[in-house]
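J.: Okay, sequence plus prediction incoming.
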Amino acid sequence: MEAVDNQLNGNNPPETKETFIRLRESGINEAETRRLIACVLAAEIADVTRSGTGFDRERFVTRLNGLPAMPWMYEEES
């Protein structure tokens, strides 16, 4: 959750804060909003670790934009 807070407080990437605001405005409480964003961040860390590649901003932002749905959580590993 510290990493989520760092992204929100530093507005880096800005899409994290935009997603936070969007989810809160849609009626999702703050704790759940932070949990959803943390799921996206954890998935990105897992993908980077598994693939040995760098942070994929496009994938990260696409997943943020899809919240609260998380269909990527059930994707098969390749």
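T.: Looks like it arrived, so ask away.

J.: can you tell me how far the residue nearest the centre of the chain sits from residue 2?
T.: When Cα atoms, centre = their mean is applied to the chain, the residue found nearest the centroid is residue 40 (3.0 Å). In this view, residue 40 and residue 2 are 15 Å apart by Cβ to Cβ, to the nearest Å. C-beta coordinates here come from the backbone N, C-alpha and C atoms, glycine included.

J.: try residue 67
T.: 20 Å.

J.: Could you report the pLDDT at the residue nearest to the centre of the chain?
T.: Residue-level confidence at residue 40 comes out at 96, pLDDT.

J.: what residues are up against it?
T.: Residue 40 makes contacts with 60, 63-64, 67, 70, as judged by Cβ atoms under 8 Å, 6 or more residues apart in numbering.

J.: go on, residue 72?
T.: Here residue 72 is in contact with 43, 63, 66 (Cβ under 8 Å, 6+ apart).

J.: how far away is the last one from residue 28?
T.: Same thing as residue 66. Counting by Cβ to Cβ - residue 66 and residue 28 are separated by 14 Å.

J.: and the two? which has more neighbours close in?
T.: Neighbour totals were compared for residue 66 and residue 28, and residue 28 leads with 17 against 13 (other Cβ atoms under 10 Å).

J.: The more buried one: what's its closest spatial neighbour, skipping adjacent residues?
T.: residue 68 (6.4 Å; Cβ to Cβ, 6 or more residues apart in numbering).
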